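sharing a model that was predicted from the sequence below.
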Amino acid sequence: MLMAVMNAPALAQENADQDVTPNFSVSERFAQNFGADGIRSGSFVLFPVVRYVQTYDDNIFGVPVDETDDFIADINAELGLESDWDAHALNIAGTVRRLQYFQNTDESTTDYGVQGEGRFDLGRRSAATLSAGYNRLTEPRRSLQTAFGARPVRYSVFDAAFEVDLRQNRFREQFGVSFVKDNFSDAFDPNNGNPIEIDQDFRDREAYEVFYRQSFRVRPTVALFAQVNGGVQEFDNDQPGLNADQDSQFYGASAGIALDINKVARGEIGVGYETRNFDSDLFDDISGLNIDAALDYFVSDLTTISLSAQRSIQNTALVGFAGFYSTGGEVRIEHELLRRLLIYGGAQYTVDDFRPVNGVDVDRRDKFLEFTAGVEYAFRRNIVFRTGYTHIDVSSSGALARSGFNENIIQFSVELRR
């Protein structure tokens, strides 16, 4: 990603010493008012969460015809451990999630993961942070890049990062390095009782990235920033049938503005340029404009409108392709109907435009449209009910297009926490 987005807590922290009241969206304030108290154990606090989600999906395989529907029991548990120290911090979280399909039991999976973060305070407004995590996950069937085998594709992700955040007067300096390793398990085609392996090793990769960012606070509620970053991606194997892999290097620069205007808006808008160079002559280099923007507009204390827009270079797992430009936007509206009742709705639209291969334009463009709406009710501080509806419309155009599909998902959940 070309630009690291400063999240809301970071903005609030930067403005805290300027006596500016931090802004909170409706959902953030809702979580604060009815958030878990935790279980104190010495200088640490435990945050256990158990969640049951009942789902109905009318197209679990994401196909255009002969859709298969099913009910899915989504049972997941989380356990967080957070330090409560005057200085420095140590946070660890673990998750386990079981998806149990009622009819298509071969689709059932169990995901799990652990994430840890340690922060060493270098002063009142500066810190160094080290984080690492491991997750074992399942690729959604609706993914346009997944291999369609007898069972969903499984993969693991290991990530680690180190970042230093220095603040002095109006200036803020950030720099860091990150590492990600993806490892995909092979898929299998049943082939009438004679399984055929669908190799996924060509998707295994290691990615390294470094960044440097400088911010200047023009006023307590407005900051300007500039950032440069770069990195490499190394894939274990060549793509099947091609004497070429997707190893590449990328470089980028961006600049923009971050703001946090009390009871009006908060967010960040960044515009930059990125280039990705591939080692193989088969894949053309990709470069162009990048955008990363997010804005929360506070219509009132009860209503928040969130807008975002992104344009960036992405890798792809599709054989014969190296990458694509992904351009998209999202709008979300949250409203606190009652003190314990939150309603929301939103829409997301993304276009993936595949880039030339070996000097020849690739005639393919994928489009993803999603609508969501839901309700969240805090029965008590440690009991929350949610229900929601999602509609997904996927289409693809061009000579190399894949089949599109529609999918409707209805969910009801109950969350218990301490």
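Now that the structure is in, tell me what you want to look at.

quick one: low-confidence residue ranges for the stretch 151-300 of the chain.
192-193 (pLDDT under 70).

which parts of it are helices?
Using DSSP state H, counting those that start in this stretch, no helices are found in the stretch 151-300 of the chain.

quick check: the spatially closest residue to Q200 that is not a sequence neighbour vs A317, distance?
Excluding the flanking residues, the one nearest Q200 by CB to CB, 6 or more residues apart in numbering is F184, at 4.0 Å. No exception for glycine: its C-beta is placed from N, CA and C like everyone else's. To A317, F184 is 8 Å away according to CB to CB, to the nearest Å.

got any residues that touch both of the two?
Residues touching both F184 and A317 by CB atoms under 8 Å, 6 or more residues apart in numbering: R203.

who is the residue nearest to Q200 paired with across the strands?
Applying DSSP bridges to F184 yields these beta-bridge partners: Y155.

ditto for Y377
L341, F385.

contact partners for the residue nearest to V271 when sequence neighbours are not counted?
Nearest residue to V271 in three dimensions, chain neighbours excluded: I291, at 5.7 Å (CB to CB, 6+ apart). Shown in contact with I291 (CB under 8 Å, 6+ apart): G270, V271, G272, A309, Q310, R311, S312.

how much space between I291 and F324?
16 Å.

for Y251, same thing?
On the measure of CB to CB, Y251 and F324 end up 19 Å apart.

which residue of those two possesses the greater neighbour count?
Legend: neighbour count by other CB atoms under 10 Å for Y251 and F324, higher for F324 (22 against 15).

thought the more buried one was touching V351?
No. Contact between F324 and V351 fails when scored by CB atoms under 8 Å: they sit 9.4 Å apart.

E28 in helix, strand or coil?
Here E28 is recorded as helix under DSSP: H, G, I helix; E, B strand; the rest coil.

just the pLDDT for it.
Per-residue confidence (pLDDT) for E28: 86.

how much space separates it from A93?
E28 sits 19 Å away from A93, going by CB to CB.

got it, and Q348?
26 Å.

same check on D84?
For D84, the distance to A93 - CB to CB - is 15 Å.

between the two, which one's more packed in?
For D84 versus A93, neighbours defined as other CB under 10 Å are more numerous around A93 (17 against 12).

so which helix or strand takes in that one?
strand 89-101 (DSSP states H and E).

could you spell out the sheet neighbours of the following helix or strand past that strand, each with its direction?
Using DSSP H and E, the helix or strand that follows strand 89-101 in sequence is strand 109-121. If you go by DSSP bridges, strand 109-121 pairs up with strand 89-101 (antiparallel), strand 127-138 (antiparallel).

what are the boundaries of the strands in the stretch 101-250 of the chain?
Secondary structure of the stretch 101-250 of the chain (DSSP state E, counting those that start in this stretch): strands located at 109-121, 127-138, 154-168, 171-184, 187-189, 196-198, 205-219, 222-235, 248-261.

for stretch 307-326, buried residues please.
308, 310-313, 315-318, 320-326 (16 or more other CB atoms under 10 Å).

return the distance of that stretch from the chain's centre.
Relative to its chain's centre, stretch 307-326 lies at 14 Å (CA atoms, centre = their mean, to the nearest Å).

just the CA coordinates of it, formatted as CSV?
What follows is stretch 307-326, C-alpha atoms only, in CSV (Å, rounded to 0.1, in the frame of the first residue of the first chain):
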residue,chain,number,x,y,z
LEU,A,307,-16.4,7.9,2.9
SER,A,308,-13.3,6.3,1.5
ALA,A,309,-11.5,6.0,-1.9
GLN,A,310,-8.5,3.9,-2.9
ARG,A,311,-6.4,3.3,-6.0
SER,A,312,-3.4,0.9,-5.8
ILE,A,313,-1.4,-1.8,-7.5
GLN,A,314,-2.2,-5.3,-6.4
ASN,A,315,-0.7,-8.7,-7.1
THR,A,316,-2.9,-11.5,-8.5
ALA,A,317,-2.9,-15.3,-8.2
LEU,A,318,-4.4,-15.8,-11.6
VAL,A,319,-2.0,-17.7,-13.9
GLY,A,320,-0.7,-15.6,-16.8
PHE,A,321,-1.2,-12.3,-15.0
ALA,A,322,1.2,-10.3,-12.8
GLY,A,323,-0.9,-7.6,-11.3
PHE,A,324,-3.8,-5.1,-11.7
TYR,A,325,-4.9,-1.7,-10.7
SER,A,326,-7.6,-1.8,-8.1
